Structures are given as C-alpha cells and as structure tokens.
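Asker: A predicted structure for the sequence below; I have some questions about it.
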There are 4 protein chains.
Amino acid sequence: MRQLWLDRLLDAVADRGRDLLHPHGSRGSRQSVDELCRRLLAGHGEASAIALARDILRRYQGMDHGTRAEFFHTLLRDFGPDPQQIRECADRYLASPNDGHALMRLVQVVEPPRQELFRRLNMAPRGTASLVAMRADLLRLLGDHPVLLAVDADLRHLLASWFNRGFLRLERIDWRTPAQVLEKLIQYESVHEIKGWNDLRRRLAPDRRCFAFFHPALPDEPLIFVEVALSREVAAEIGPLISQDAPVQDVHDTDTAVFYSINNAQEGLRGISFGNFLIKQVLTELRTELPHLRTFVTLSPMPRFTQTIEEMLSGRSDLGVNRAQLDQVLQDDMRDVMVPDRDGPLASLAVLAEKMDRPDPRLYPPMRHVALAYLTLMRCGGDICDPVAAFHLANGASLECINPFADVSVHGRAQSFGCMVNYRYEPDRLEENHEAYINESRIVMSKTVARDLDGLKDRIGSRTG
Amino acid sequence: MRQLWLDRLLDAVADRGRDLLHPHGSRGSRQSVDELCRRLLAGHGEASAIALARDILRRYQGMDHGTRAEFFHTLLRDFGPDPQQIRECADRYLASPNDGHALMRLVQVVEPPRQELFRRLNMAPRGTASLVAMRADLLRLLGDHPVLLAVDADLRHLLASWFNRGFLRLERIDWRTPAQVLEKLIQYESVHEIKGWNDLRRRLAPDRRCFAFFHPALPDEPLIFVEVALSREVAAEIGPLISQDAPVQDVHDTDTAVFYSINNAQEGLRGISFGNFLIKQVLTELRTELPHLRTFVTLSPMPRFTQTIEEMLSGRSDLGVNRAQLDQVLQDDMRDVMVPDRDGPLASLAVLAEKMDRPDPRLYPPMRHVALAYLTLMRCGGDICDPVAAFHLANGASLECINPFADVSVHGRAQSFGCMVNYRYEPDRLEENHEAYINESRIVMSKTVARDLDGLKDRIGSRTG
Amino acid sequence: MRQLWLDRLLDAVADRGRDLLHPHGSRGSRQSVDELCRRLLAGHGEASAIALARDILRRYQGMDHGTRAEFFHTLLRDFGPDPQQIRECADRYLASPNDGHALMRLVQVVEPPRQELFRRLNMAPRGTASLVAMRADLLRLLGDHPVLLAVDADLRHLLASWFNRGFLRLERIDWRTPAQVLEKLIQYESVHEIKGWNDLRRRLAPDRRCFAFFHPALPDEPLIFVEVALSREVAAEIGPLISQDAPVQDVHDTDTAVFYSINNAQEGLRGISFGNFLIKQVLTELRTELPHLRTFVTLSPMPRFTQTIEEMLSGRSDLGVNRAQLDQVLQDDMRDVMVPDRDGPLASLAVLAEKMDRPDPRLYPPMRHVALAYLTLMRCGGDICDPVAAFHLANGASLECINPFADVSVHGRAQSFGCMVNYRYEPDRLEENHEAYINESRIVMSKTVARDLDGLKDRIGSRTG
Amino acid sequence: MRQLWLDRLLDAVADRGRDLLHPHGSRGSRQSVDELCRRLLAGHGEASAIALARDILRRYQGMDHGTRAEFFHTLLRDFGPDPQQIRECADRYLASPNDGHALMRLVQVVEPPRQELFRRLNMAPRGTASLVAMRADLLRLLGDHPVLLAVDADLRHLLASWFNRGFLRLERIDWRTPAQVLEKLIQYESVHEIKGWNDLRRRLAPDRRCFAFFHPALPDEPLIFVEVALSREVAAEIGPLISQDAPVQDVHDTDTAVFYSINNAQEGLRGISFGNFLIKQVLTELRTELPHLRTFVTLSPMPRFTQTIEEMLSGRSDLGVNRAQLDQVLQDDMRDVMVPDRDGPLASLAVLAEKMDRPDPRLYPPMRHVALAYLTLMRCGGDICDPVAAFHLANGASLECINPFADVSVHGRAQSFGCMVNYRYEPDRLEENHEAYINESRIVMSKTVARDLDGLKDRIGSRTG
C-alpha cells in the first residue's frame, strides 16, 4: 500500500515541477491549441515540453464533442506530411532504391508529423492514458468523419507499437486488488454483467481466478481480462457460474478450469489484439499454481448464430449449407415437438428457442445439430461464420462440446438461441491444432462432436466441409 | 526483496511456457535465422510468436561478430520495403494528396518490414534489452559497414519511440539499491571512474544523491544517471568530491547541490537524449526532499578545450578569436611566469598546463581568460565550441564560474588543461535563460564572469561575441 | 499487486510444508487439544512445532462457544504456575533480594506457562490473527466466566508487548487500497456508519484522508483508523461531512483538517491503546503532505452527556454541579421557549433535545451552557465525565468549540442531545497543553469558550472548577 | 526501489515529528538518563514517549563502555521489582492459589519494571535495532559484571517474545538484494569467510541459493542465513564450494542441495534459536522452486573434534571411549604410515593431521574411524560431544558421511583435523529421525556409516554406544 502514497507524492512533485517551469502560470492559455502543438513539435527536447504537453492535453480534455472533431481535422490538415517533400524524396529513392540515405529520408518525410506530436504528448503526466482516451474519442467520431481514418491510422500504429506484448504484465486480480482496479472490472465486463460489489466478490472467490494484462504506463487500467471458474466438470451452462449464491468449491477438489468471460477493456486500443497471448499465459499460470488441473476449456458464446440462421431463413443462400438440408435433419429430430410454424422445422426451432427461458429437453438434439452445422459446415465469406470459434480455433483450441440452452438470458437467446460452446485448450496440442486450422482449414474436435458431425453430414446428404 | 524472488519465478514460468509451445524442443534449430525471421513476420499474432522471437534472439546472441554483420545485411537487403509498391503508392498519393487512404497506404509500404520484425522480437523475454544490445552491436559495425545506417535508422526510430520520456521512471540510487544495479554504475561511470565498491559506497553516502532514469522493460538497467554532492559551497575542484576519504557532511548543514557527473549508460540508446529531462526532474526531487538547498550548480568538464586551443596553435583561423588576440591578453597575465617557450604565451601556457599536476597560482588568471574566450567568444561551425556548455545553456543554466586546475588528473589535463566549469540552474530562470540562448544566442552568466568577459573583450580589442 | 500473488504462493508453500512434517496426515487428530498443547509446550523448538500450533488453532476454530469456554478453563487450571515452586522461589528471593538468580528464577516460575503456550501458537500461519480472535472470544466469555480474567491478563500482556507502537506502521487508506482492507472499514466503522461501497468511496475521495495503523503480522487488518475531512472551515455539524452527495473540495482551497471519526477495529486488542499515537502521527503526515493546512480539529461526540444529565435529573448529586445551578442558568436562556415540562428548564431541555431532529435556534444557548458545564465543571469519580474529552485533552488538544445540534441522528440525540465538540490540535502547543491537563488538571480552551465559561460560572454563582 | 525512497521520507517525517514534540529542542539534555527513564516509565502512553525513548537511546549510543556498564547497573538496581510488594503479593497468592486476581497481581509485581522500560524504548525509531545492539553490549559486559545476568534475562525474555518465529520472514538473498543487506553477509559470515564483493558474487551465482530470516522491525538485518550450493553430487570437501573460480553449474543439471554455511548474524539475539526453523523452511522453498532436487545434505564442521581428542590425549577419561581403544583401532589403520611420534598412533595422527595442508590418502581410514568414534560413541556430560551433530540430529537429519581432510584451511585443521560431515535431510523422515534421537538417543545414519560403525565397535572391543 505504501507505493500508493508514493504515487500521490510524485503527483505533487509533478505539480511543483510545473510551477518550476511555468512560474507565471497562465502563459499557455493565451495561445491556441494549434499553436501549442506547433510549439511542442518545434522544440528540441527541452524539459518545458512536458509542461507544454500537459497544457495541450488539458485543453483537449476541456473540449466538447464538436471542438474535438475540429482538433482532429486540424491534425489531419496541418500535421500531415508535405507532398512536395514526398515527391522529391520518392523520386530520389526510386532512382536508386539501394541508396540507404534516400530510403531513410523517404521514410522520414512520409511519416505524418502528428505521429511525433503524439509521441511528445505522451511525455505529459498520464500522457499514455490521455492518448488512449483520445483514440476512443476519435473512433466514435469516425462514423461521421470517415476522413479522420488517416489520423486514426497514425494513433493506432503508435499505440500498437507501445502496447507491444513485450511491455505488458500479467497480473492476477482478486479481492486483494485495489478497489480502483476492481471497479473497472464492474464497468468493463460486457459478456456477463457484474451486478455490483457483492457479485464481483463472488467472481473473485477462492475457486475463481481472474487475470489481466496491464501496461506500466496505465497501472490502474486492465487492458483485457479473463474470468476463470475452477470446477469438477466441464461447465455446460453459464447460470451456475455467474450466480452469486453458487457454493464456493475447495480448490483441491477441482480438476477443470473454465474460461467463461474475456473482455477487452480499452475502447481506445480497439484492433490491437491481446486475447491470444492472454489465454496462453493464463494457462501457464494455472498449471504452475495448480498442477492438479487436468482440463482447460472455455464456455463461449456464438455471437452470430441467431443472425446467421435468420439470414438463411430470409433466403441467404451462400452459406454452404442451405435451409432445405437443415430442415431434412430436423424433420426427424423434432418429430415429437409440437411444431406450430408451417414454415418448416428450422423456422419453428428458431421461434421456439428465442422464446424459451426454460429448456425443453426435446429441443436439445435439433439445436445441437443446427449449431454444429453453423460452427463447422457453414462459411461466411470463405471463413467459418462464428468469430469466437475462429479466435479459439486459430489459438489452437479444439471444439469440445456444444451446449444448447446454456445461456437462457434474454441476451443469450437473442444472440445464439441460448447455445454455448466449450473450446478445449490442451497445452501439448495447441501448436498442432493451430497449424491444422491455419494451414488446412481443419477443425480439430472431440470424438463426440466428430461422431455427431459424421452423422450430420450423412443425414444432410452432403459432401460439404 | 520479495519481488525479486517473484521475478525468478516468472522466469521459470516463461520456461515452462516455452515447453508448452515447443513440446518437441529443437524444432527451431533446423531452420536458418532468416527463415525464422520470415516466419515471425508472417505470423498473425499467435502466441508461438513469443517462442519464435526468443529463438531468433538466442541464435543472434550465439553469433560471432562477422555473422552478426551478415545478419544485419540480410535485414537491410531482405527486410526493406518494396520499391515497386512504393512507386505505385507514391504515384497514387501524389495524384491525390488529400486521399487519406492513399497516404495511409504509402506510409505502410514505405515502412521497412524490419521495423515490424523488431517489434515482434521485442515480445521475447528480455526482448527490449536484447534489441538495445543489438543496436549497440550495430553501431560498432557502422564504421566498417556504413550501408547499415538504414537498419540503424529503423532501430533507432523504434527505440526512440519506446523510450519516450513518458515511459521513464526516475529512481534514487543509494546503498539500499540492488547490487545488480549498483555494479552497473561502476561499469558505466566514464566521467570520473568509480574504483570498486568502497569508492561507490562513498559516492552514495548520506551527503550524496544519485538518480537514474529506468524503463519498465529494463528494470535493472539505468539509462542515464547523475551524481550529486551536497555541500556548503560551490565546489571549485573535483578532487575532494571524488575522494573516498572526504568526510561525510551533515545534510542539514549544506545549502548547495553540485551535479558532478552525468553518464549515459546505454550505448544502444546513443542519440536518444534524456539528459535535459533528468537534470530538471532531479532539481525538483532535491527541492522537495531538501527545501533548504539554495544553490544548484554543476561541476563540468570542457571536453574540447585542449583540442580547440591546439588547433588554434596549429593555425586554425576560423574560431572567431585568434591566437594573436589571446597572446595579447596573456602577455600581461603571464608577466611573472618563466616562459620557456618562444612560441609565445598561449603556447607556453598550453605546455605548462598539460604538464602540471599541482596548480601554480600564477597560471590561474591566464588560464581563466583563455577558458572564458573558448566558452563564450569562440565559434566552431557557428555554434559555441564546447558541447557540454551548449547542453547546459540550452537547458537554461547560466555560466557561473570558471575553475582553472580543478581536475589535474591526467585525463583532465589532456582534455581541458585541468579546467572545469560551474553551470548554475536557477529554477525560476530556466525558461528565460533557455529562450535567451536559443532565440538570441545570448549566454546568461554570473556578474563575476560578465565583468571578466567585459575586461577580456577590452583587452582583446575585439568587437567579437 | 504482484506481492499478493506471492502471498498466495507462500500459502501453498506452507501447505506443502505441512505435508512434509505430517506425512501421515491425521496424526494430531487422535489426541485431545489439551494433549496437543502439552506436547507443544514440551517441545524444544523443533520445526514440527509450527504444524502442531496450526493443528491446535484449527481445533480451536472448530469449537463451539461452550467448548471454547472449557478450553479457556483448561488453560486457567492446567497451564497456570506451580504454587509450590512459587513458594520456594519466593522464599529464596525474599531471603536475598539482591541475588539476581533468585529473582530470575522467581520471574520464571511466576509466569503462567500458558503465556509460553500462546507464544508457540503464534508460530502457526496466521497465528497472530488467531490469537487476537481468541482474545475477542475470551472477552465475550468474561461476563459469564469472570474467573477467566487471569487468562485474559496473560493474553493481553502478550498482545500489548507484540503490538508495541514500535512495530506498527501507519498507512494511508484510499480508493487504491485493496478491497479486502476496504471492506473492513465498512465493517468496523461504528461512530458514523458507512452504508456500502458508494458511501465508502465518498469518504475516500480526494478531499478526504484516512489513515490506519497496521501490524506486520496482520497486513490486511487495520488496528485503528481515523477519517479526516479537508475543508475551508471548522466543521460544526456532522451531516455534511458524511453525506454521499457532498461536493468534493479542491484540496488546494482547504486550510482545515477535521478528524471526524476514530475507530478501534480489533475487539481482541481492547485495552491496548493506539489512538494517541495515531492522531499525532497523522498530524505529522498531513503537515508534510499539505503544508498549507492551518487548523487541525476534531468533530467529536460526547458519549456520556445524555446519560450524565439524566442521572442528575434522577437525583445524582456528586457531580460538582447540581440541577439547581443549571436551572438557574437555563431560566434566562430559555425564556422564549415554550416549556411544557413543569419539572424545570433542564428537564424540559432534555426532553426537547431528544425529540428534535431539526434544530431550534432558541435552544442553542441553553444547550451550549449545559454542555459546557458537563465538559468542564462536572466531575465523575474525580475526573471530568466525558471520556472523549479526557482522551483529547490528555493528548494535548484544547477545547475549541461546542456545537449544539451537530448530530441530530437518532443515535446522536440519544447519546448527547445532538451536541458535538471540536477539539483543536495545535502542533506547537500539544506538550504544554498535555502537561497543564495532567499536572494541573487545567483544561486549555479557545477564547470564546473561556469567555463563555467565565459567564457561566458567574451565573451559576459557583466557585467550582 | 521506490520503497526505499519512501523510508527516507518517513525518516524525515520522524524528524519533523520530533520537532513537533520538542519545539524547544534541548529539553531532554538537561536531565540525566536515569531521570529520562523514570519519566518514560511514568508516562501514560502519550506520544511524547516516542521522542523521550529516542532521546534515551541516543544518550545511550553516545556512552562509552564504562558508562554503559553503569547504565545497566542502574537498570539492575533501580528498575527491579519491589521486594516488599513481592512479599505481600506472594503471601496473598500462596494463601489462595486459585484466586485469579492474586496471581495476576503477583505476576505484575514480579516483573522487573525494566521490562516495561525496554518495551517503551522500542517505540523509538529503530528502537528494536537499538535494543538488539544494547543486548550485544550487555553480553560483552557479563564476563566482568556477572551480576548483570538478571538484566540480560529480562532483555532476552523480551527479545525472544518479539522475535517469535511467527513474526519472521524468510527471504531469498541474491545479487538483486540491496547492497546494504549484502555487505552484512560479508560481515557476518564466520564459518567460511567471504573475501570481498567478488567472492560474494560467486556465492550468489545462479547455482547457489542463500536464504535468511528477517524481522519486520529490522528490514535490513538478516537474523540468520544459510548458504546452499546446487550440485550433481554430495560435496565431500569445502574448497571447491567456496572457490571464486568454481564454474557455475546449470541448475537443471543438478540434483543435490548442499547446505554449507549457516550463520547467526545478530550477537544481540544469542540464545534465541532460529536455525531449525530456517533449515526446514529452506527445504520447502527449494523443493517448491526446484522439484527435481533429490538429495539435501549439509557439509558441516565438527567444532570440538580437535579439542576433544587433545583432552583425551591429555588424560581425560570420561568420554566413554578411551585412548587405548582408539590406539587399538589405529594400530592397524596406520600400519603403512611413518609414525614419528612414540606417543602412539592417536597422538601421531593428531600431529600429522594438524600439519597437513594436502591430504595423505593413507590417513583417511584412521581419521574416519576417530571421527566416527567422536561423533557417535563419545559422550561429553552425557550428550554426544559435537554441538553441530547434536543440532542436526535433533532436527531430524541423519549422519550421511564423514569426510576426512575436507577442510584443510588452517582454521579447519585446528578445529577438526580438517574433517567435515554430511548430514542428510530427508523430508519424509525428519520427524521419525527426530523422535529416535530425542526419545531413544538413537542416531540414524546411512548404511555405509552404520557398517563402518559396526566394524569400529568390533575392533574397539567395546559395548559402548
């Protein structure tokens, strides 16, 4: 805890530093932000740059939505590269591509000066946090101002370089973590909402693990975090895992780790991916701490399942599997189910599943078959349709189990007819599975799922997949 | 101390992580480094990238001098940008310079792929340290392989971005610092050599302060450090400051902080400047910890003094002050001194001063005058000749005092006839002085020095400066 | 945060250690706790003592109320000193009181062996926490088992020695503190209840300070904590201070620190006082962090005010001031107030004040007079009646201001007719005030209070005080 | 490293605190230390006690040897218990030994008031360190002032309570440890001298481990430390282990941990034992960090070997084995050795071994036999003669191997004819071995040693042991 007090002290020091540099205080305020930015870029490394950077960021933070858009337009217009210089340097380089100086010079003049401006802004206290927040603003503006994409490209390039995996630290999060960090879990959890401090406390109980990546310049901000439940079996539904009343397991009695929620926390780092690193490092941590664990699985959503099936019902025909094929399979599966919809079994199943907040056992087989077809046989633009499946399979996980009616919350039904999937991480097979998926587009799966798939293919009468 | 044990543990974890990813161990070894680099660049962010990066760095570390040169030539040749793509993208951009996509694409294709390669190598354990060491190797190779400058430009660009001031932490170093860091001070101190642990201990005694910048990815490596002595007066010679036998002062009896040694510690970060930030932040730290301090000065070398005077004696004539002018001044100053050299007083003074390991009081006035002329009146290529003077004056310091025979070590005499300078940092005047120096080329100085300079100008009969 | 993960690891280590020592596991379980205690006492320092101590504490923790009482009775009966040995050693010592060995031997045999037993139990993981909890149990049992006081004396003696001020660390608590510690503030705050995490967050906002003493063996357990509000004036009522909606002040605009709640957190350390040390060290911390603060006051309850006045109304006559004297004063003060109670003004005032959840301005003067008489003139058993007043005055604080209707909560009215007091801590006067109070029983007070007191004494017609 | 800066800051805070409490500064100096002690004891917990305690300790630190002796005599004479009170309370207690109050009162009056004085001195900054140093002084004085033993008993009692195992922390020490701690290893290592920083660096290399116990109140002071070498075999001599030039092993290639030096570092804690706890906890640490280790042994001196044999040669006859018996064994063993001493083989062996700085292979068998007799058969005052053997055997180690000429340094030969012993710690047998040794006086040993011992007994013709 002492460290914290120190941080506060350092802040005070920074304040004094500022007075030191700006004895007359308000100097910066008479100039426009553009002028301040130009001064900051023109400086040659003197320490007043820190104070200048802070002034610019404070000004920015005081701006409203519209003024921020203007600020970014200024960056686009006035802090881009000089076409004339680019022309000259490109000509010189293309004339002699092996002349190192010509290349160096071209690289220099092509880099938009706003990149250097961002680097200098980073010197301000909490500069990195401010730039991440600035990019979040910018991303929100892109819809209305698509031209700002070029500014975003620069900021993203810089942030991707600074948030290099080599600079990140994995930290365990539990009830001993500072409240300041914990409240961010509550705020950032978007997969399975955390309903206040008591809910959070259960999710950090001794039979749970939570890990996050942190960057040294953002010590209180998790970049991405994963929630894990330790249990005696592969969890087949989400309800018990996120119930505040679930009894706490004795860790020594568990043999399975279920990764049930992964969240990117920083909107300003969108498109800079940490998830694959996180899962594998957490695997290593868990195996070190708890060598008795045998099984590592996820309990994952199928975020485009409902949407894809509904598109199929609306006539989409390029999915590789068609409605008639599925109806043929479901015909049999749903023999015992009252089918009120004359639009056929698939349409009926969709209607039933979306309504159902308590699972009907007769719907498990048909739902499992449709989900299996969606996950393994259908293709959207050449790839498998489900982004979560693509993520885990590319990571080297295998398709372990499909669980109909595993998330019967309103959101779960709307998104995936309540279906969830277990992907399995077998440490010794990750690379092999990864290569199979990437190089051969082959999905590794458990024996059960493989047998199901064989049956399904037969019944579809298809040579797909 | 616990934290350290943890680090060791994390290392073990990393090792296990490696086994996890490479169960068959030797896989990487059958491929050439070039192929490994290509594989690393081709990957799409999968976690095996970390193991791959580690393999490449280990291979590199096992290379001899010649093989490393080859490696860099490969980076130059095979990991540069594609001229054809540059041509196309440059044409497209120049045709419509306001098309953001065209610019983004040009920026992308111009960036040499080795930059991305370096970024991925950084993901390895101790990756950043390895890249800094790699650049140190590269700098040593540049003499024989000037064409590698283009590779260096990329590495330097990246390191400058990563070692942004916003990511650095100032740490105090004292006898409570880990031995692992302390031994690096012994190793890196190049201004006034530290002769072993007992010498180091004196330099970290309670009447001393030592501060360094650290980067989170190199927690044991000071990037730059400054040594400060607290005293009751402005130190006029270096000997007592670096004597192991100097009595330790009671800090409460001191009122002056003397910055007597500043060292860049990382050869691999050459050209990436931290010194100006360091001095000013240390000022702030000292004023916070010891509010009773009144005076902040350096005791600095004049690294090109001897060389410049000897060039003048050899006939160089573009320095703004000439030999005849100095001889005219010294004629009088050295009246009482046996002048064995018929080459005139300046030549005699030079000979005497280089020989003298014990100061002769009669030589103080002439030496001070020559030094003053060197520091303030002479110009080398338009700028003042002394790089240390230029550094402190640009920082906002003022020229406080010139001290002849302040460093009569062999090195001190060879470099600067034993002269040293105090530059003064007055917190409230730094910005003003900085602007005077940068915008008007005006050197702010103490009243005494200013009076001396007026006298000197009169006697030189010059309108210089 | 890393440290925390380490703690977990150490726990795992302890577990393995246990297996190491008890390969056959259940050995301890076949013996009675008494036997285990005897074995632990008989051992000669071997490491299995740690496992034995842990077994005993686990057994204890599994006991119900009644069994614990039996356990303490066993400690009283079987782990006390040997009267025969005491007789012999006392005789020998009294025969030659200057014989050091005789004294040493007597000191040894007099010490009840249970003290050594407690010391050995302390070696178990979390042993200190267990002993503090054990004493809390014991204190609860004392009512029904007064004979156990002798056991409590031993435990208290030991804990007082271990929780010596020299071993405590002052830590600041804020929103960066681990949740595990923060939830204990919610639990332990008994002066002004904290209503959940949002309320806590406000109490730890930037314009507040909270400090606690910690013992290294109980790193997550605050021993005592104080809550401080920074403001622009001496707070005269508690409501705004503990309102969740109070606007957050800019710290730089404040000049006053109000200590508004001090809580002993560990029932098991009852009677071992830390409060005086805490307040003075917090004073020093605040003056270091915020040198612009000018005024340090408490806003304190008067915990025996209502009770004392009611005893007076019921006829108690040994308080140094009597009902008639107060009625005489109030006669005039309450002229304008409807007095429904024919029992006289004091009784009326008591009735009104206890009912009043919104202050009536006409009642301020009489209430202030009665409170002033209670605080300064009345005596209970020779001392001033109010324990909080006695605590602060003995600490060297002065009586700054009496605030009628400052805490109109149900509890506040019941305890002190809603009155609160500001005691002022003037750093330079603490020792002087302390001596005045301890040696001369003189209460130092502000000019306003002193003038009020002079007037009050005149009107009482008393020579008291 | 930040934490350290904080400590410094806290010191500054303490200084200010002192000014706060003693605005007039020199107050304490006019009073005698005795008076200050009396004032400190008389106080009722007020915070000025801290300043008072500090003044007393500073006075004490300024005293010379003689004045310190006087100070302790004052503590003996004036801060002992009151015989009259003891008489009364003892009488009352003995009259009714079951009266808890009578016992409590007796316990209170018997405790010498200097114990409470020591407790209050502990509140000063660095109070605990000062008290430990004070006891070291006192132990040095005991020779000339045996009567001070009673004061020492009090101090020792208190320190034993405060340095309870439950408050100690095991820390690993390596090259990342602060220099301030490391220099204490150099200073405190007394078994195998550390010759400067380079020697120390080798002892902390990656194939070594060093652990120490620390107390939270003495964070820079190891209490006891153990040095461990990791190797591929049970080390049979000390030279290679402590050679600076020994090649560093790859830890993964080792399977044995050799504990080759254990040092108590605090003279002031003499008689308060940590060694048994240390070894066993280090065992646990090593097994956790390096699960591949199979063998844990010591390489230990035999500190009374030479002395015991020389006493035997001088005629001592109560050792259970006599000179004639040993001569009988050696007669044969030394057949091939030139025996210059007509005093018989044992005397000859003694003379030869003490001279020999290079081992003579013909002397190994006789030396091993004598050492074996010394370790297992001889008795000094009923116990085995060797204190180190007694320590390890009581800890549960077994006698693994006797190594003649394993330490041929001057000291090693003088102390133990160059012999050293491996004791083996088998985690699963510790308790069993311990019980065998404590309850049955049975020494558990390796098969080789057991066979040797059988042979030896036969040849001695003895029924001893």
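Answerer: Sure thing, it's come through. Numbering: from 1, shown residues only, chains lettered A, B, ... in the order given.
Asker: from now on I want contacts and neighbour counts done on CA atoms only, so please keep to that.
Answerer: Will do.
Asker: ok, stretch A:273-292 near chain B or not?
Answerer: Yes. If you take CA under 8 Å from any CA of the partner chain as the test, stretch A:273-292 does meet chain B, through A:273, A:276-277, A:280-281, A:284-285, A:288.
Asker: buried set for that stretch?
Answerer: Neighbour counts using 16 or more other CA atoms under 10 Å in any protein chain shown place A:273-288 of stretch A:273-292 among the buried residues.
Asker: pull the number of nearby residues for the residue of the stretch 351-465 of chain A found nearest chain C.
Answerer: In the stretch 351-465 of chain A, the residue that lies nearest chain C is A:Pro427 (22.5 Å; CA to the nearest CA). Number of residues near A:Pro427 (other CA atoms under 10 Å in any protein chain shown) recorded here: 20.
Asker: how long is stretch A:155-174 from one end to the other?
Answerer: Length of stretch A:155-174, first residue to last, CA to CA, to the nearest Å: 33 Å.
Asker: please identify the buried residues of that stretch?
Answerer: By neighbour count with 16+ other CA under 10 Å, stretch A:155-174 contains the buried residues A:155-156, A:158-168, A:170-174.
Asker: helix, strand, or coil at A:Asp407?
Answerer: Under DSSP: H, G, I helix; E, B strand; the rest coil, A:Asp407 falls in the coil class.
Asker: tell me how many other residues surround it.
Answerer: A:Asp407 has 25 neighbours, counted by other CA under 10 Å.
Asker: who's in contact with it?
Answerer: By CA atoms under 8 Å, 6 or more residues apart in numbering or on different chains, A:Asp407 lies in contact with A:237-239, A:413, A:418-420.
Asker: swap in A:Arg342?
Answerer: Contact analysis of A:Arg342 by CA under 8 Å, 6+ apart lists A:Ser348.
Asker: likewise for A:Leu313?
Answerer: Applying CA under 8 Å, 6+ apart, the residues near A:Leu313 are A:323, A:347.
Asker: and A:Val110, by the same measure?
Answerer: A:Val110 makes contact with A:81-82, A:86, B:106-107, B:110, according to CA under 8 Å, 6+ apart.
Asker: A:Glu435: which element?
Answerer: Remark: A:Glu435 resides in helix A:430-440, with elements defined by DSSP states H and E.
Asker: buried stuff in the next helix or strand after that helix?
Answerer: Toward the C-terminal end, the helix or strand that comes next after helix A:430-440 (DSSP H and E) is helix A:447-460. For helix A:447-460, the neighbour count (16+ other CA under 10 Å) marks A:449-450, A:453, A:456-457, A:460 as buried.
Asker: what lies in contact with helix A:447-460?
Answerer: With CA under 8 Å, 6+ apart as the test, helix A:447-460 has contacts from A:325-326, A:328-329, A:369, A:372-373, A:399-402, A:463-464.
Asker: how far off centre is that helix?
Answerer: How far helix A:447-460 lies from its chain's middle: 32 Å, per CA atoms, centre = their mean, to the nearest Å.
Asker: for that helix, C-alpha coordinates in PDB please.
Answerer: The C-alpha coordinates for helix A:447-460 follow below in PDB (Å, rounded to 0.1, in the frame of the first residue of the first chain):
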ATOM      1  CA  LYS A 447     -14.600 -37.600 -30.500                       C
ATOM      2  CA  THR A 448     -18.200 -36.900 -29.600                       C
ATOM      3  CA  VAL A 449     -18.500 -33.900 -31.800                       C
ATOM      4  CA  ALA A 450     -16.700 -35.600 -34.600                       C
ATOM      5  CA  ARG A 451     -19.200 -38.500 -34.500                       C
ATOM      6  CA  ASP A 452     -22.100 -36.100 -34.400                       C
ATOM      7  CA  LEU A 453     -20.700 -34.300 -37.400                       C
ATOM      8  CA  ASP A 454     -20.300 -37.500 -39.300                       C
ATOM      9  CA  GLY A 455     -23.900 -38.400 -38.600                       C
ATOM     10  CA  LEU A 456     -25.000 -34.900 -39.500                       C
ATOM     11  CA  LYS A 457     -23.100 -35.000 -42.800                       C
ATOM     12  CA  ASP A 458     -24.700 -38.300 -43.700                       C
ATOM     13  CA  ARG A 459     -28.200 -37.000 -43.000                       C
ATOM     14  CA  ILE A 460     -27.600 -33.800 -44.800                       C
END
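Asker: quick one: mean pLDDT for it?
Answerer: Helix A:447-460 shows a mean pLDDT of 94.
Asker: what about the residue in the stretch 1-150 of chain A positioned nearest to chain B, which SS state?
Answerer: Going by CA to the nearest CA, chain B is nearest to A:Met123 of the stretch 1-150 of chain A, at 3.9 Å. Secondary structure for A:Met123, judged by three-state DSSP, is coil.
Asker: let me see the backbone angles for the residue in the stretch 251-400 of chain A positioned nearest to chain B.
Answerer: Proximity of the stretch 251-400 of chain A to chain B (CA to the nearest CA) peaks at A:Phe277, 5.2 Å away. Here is the backbone geometry of A:Phe277 (degrees, to the nearest 10): phi -60, psi -40.
Asker: ends of stretch A:375-392, how far apart?
Answerer: For stretch A:375-392, the first and last residues are 12 Å from each other (CA to CA).
Asker: what are the contacting residues of that stretch?
Answerer: By CA under 8 Å, 6+ apart, the surrounding residues in contact with stretch A:375-392 are A:276, A:300-305, A:308, A:318-321, A:374, A:398, A:423, A:443, A:464-465.
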